[in-house]
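Undergrad: Just need the structure, nothing else, for what follows:
(2 chains)
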2 protein chains.
Amino acid sequence: MMAAGFPSAQAAEAAFYAAFENADYVAMMAVWSPDNDIECIHPLGERLMGTKAVGNSWRRMLSGGKRMRFSLTHTKRFQTDQLSIHILYENIIIAGRQQPPVIATNIYRFNGHGWHMILHHASPATDIGKADDMEDTVTAGPVIH
Amino acid sequence: MMAAGFPSAQAAEAAFYAAFENADYVAMMAVWSPDNDIECIHPLGERLMGTKAVGNSWRRMLSGGKRMRFSLTHTKRFQTDQLSIHILYENIIIAGRQQPPVIATNIYRFNGHGWHMILHHASPATDIGKADDMEDTVTAGPVIH
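TA: The predicted structure is shown next:
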């Protein structure tokens, strides 16, 4: 468990998708900030606010066991000392079949000891998006200081 | 114009929805960060990255003229000196008819002089979301320091 939080937002994000793939509810909830100040929006789902609502949704979603594989692409990051915002595509394979991509905005907060997730906003993507210059957005954005 | 940015993230957000209601493209683009480091996801739309793609989408969306009225509810804010994250419901009326609500994650960044929008991620809401204690979420969250 990482009760004190993860050493970086990137580590928290890796743990989030590992827990998702492994259908590990306990590991999933360890990624989320332990205070009640969290929100989660699954694709076309309702807006879930607070530990109980968010936890219940993951308990349901992960109850089917391991079945999803994620690859994450086009991650854009806005990072400060206290908040890290990641916008990315979730490319999901279920039972060997590629699903339509999902756009996720994931936000992580530093609590003085470590990083936890505070927001997961996911929605269906119609296709892989347009960029003025896609090369610019494949890698992480600049760290803000 | 607010080339230097808005005095607060709340002021930028008010300007964003005013420009949306007024179908004012110039005012809308003044809300967005003038650098290329912006992203916009309209409900069920593609992920738009960069000034050109985001600007083109607003030019199209606002070309129909004034037709939408917004009321914003259940705004949750995570604020630091450099970033302000607002999660809220957009309750939209078009031609006198209430539309299904939209969930928006709006993010604003301070550039040293003022605030601009850097992300608008909007997606359809199935209904007004569940909270452990809705009263806790009606008002702004604590400011993070």
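Undergrad: Next up, identify which helix or strand the residue lying closest to A:His120 once chain neighbours are set aside is on.
TA: Spatial nearest neighbour of A:His120, chain neighbours left out: A:Cys40 (4.9 Å); criterion: C-beta to C-beta, 6 or more residues apart in numbering or on different chains. For the C-beta atoms, the positions are set from N, CA and C on the backbone; glycine is no exception. Of the helices and strands defined by DSSP states H and E, A:Cys40 is found in strand A:39-41.
Undergrad: Could you look up the next helix or strand downstream of that strand?
TA: Per DSSP H and E, strand A:39-41 leads on to strand A:47-49 as the next helix or strand towards the C-terminus.
Undergrad: partners of that next one, with directions?
TA: Counting by DSSP bridges, the strands paired with strand A:47-49 are strand A:39-41 (antiparallel), strand B:130-131 (parallel).
Undergrad: For chain A, which helix extends over the most residues?
TA: helix A:9-22 (DSSP state H).
Undergrad: Give the buried residues for that helix.
TA: By neighbour count with 16 or more other C-beta atoms under 10 Å in any protein chain shown, helix A:9-22 contains the buried residues A:9-13, A:15-17, A:19-20.
Undergrad: cool, stretch A:24-39 as well?
TA: Here stretch A:24-39 shows A:24-25, A:27-33, A:36-39 as buried, counting by 16+ other C-beta under 10 Å.
Undergrad: Can you give me the end-to-end span of that stretch?
TA: 19 Å (C-alpha to C-alpha, to the nearest Å).
Undergrad: do stretch A:49-69 as well
TA: 26 Å.
Undergrad: Now do it: distance to the chain's middle.
TA: Relative to the centre of its chain, stretch A:49-69 is centred 13 Å away, using C-alpha atoms, centre = their mean, to the nearest Å.
Undergrad: Stretch A:92-107 now?
TA: 11 Å.
Undergrad: Is it positioned near chain B?
TA: Yes - with C-beta under 8 Å from any C-beta of the partner chain as the criterion, chain B is reached by stretch A:92-107 at A:103, A:105, A:107.
Undergrad: Now secondary structure too, for those residues, in CSV please.
TA: Below are those laid out as CSV (DSSP: H, G, I helix; E, B strand; the rest coil):
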residue, secondary structure
A:Ile103, strand
A:Thr105, strand
A:Ile107, strand
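Undergrad: Tell me the bridge partners for the residue positioned nearest the centre of chain A.
TA: The residue lying closest to the centre of chain A (C-alpha atoms, centre = their mean) is A:Asn106, at 4.5 Å. Beta-bridge partners for A:Asn106, by DSSP bridges, are A:His86, A:His120.
Undergrad: which one is A:Ala11 nearest to, not counting chain neighbours?
TA: Using C-beta to C-beta, 6+ apart, the nearest residue to A:Ala11 is A:Trp115, at 7.1 Å.
Undergrad: can you count the residues close to that neighbour?
TA: 26 (other C-beta atoms under 10 Å in any protein chain shown).
Undergrad: now do A:Arg59
TA: 12.
Undergrad: can you tell me which residues contact the nearest residue to it once chain neighbours are set aside?
TA: Excluding the flanking residues, the one nearest A:Arg59 by C-beta to C-beta, 6+ apart is A:Tyr25, at 5.6 Å. Neighbouring residues of A:Tyr25 by C-beta atoms under 8 Å, 6 or more residues apart in numbering or on different chains: A:19, A:58-59, A:62.
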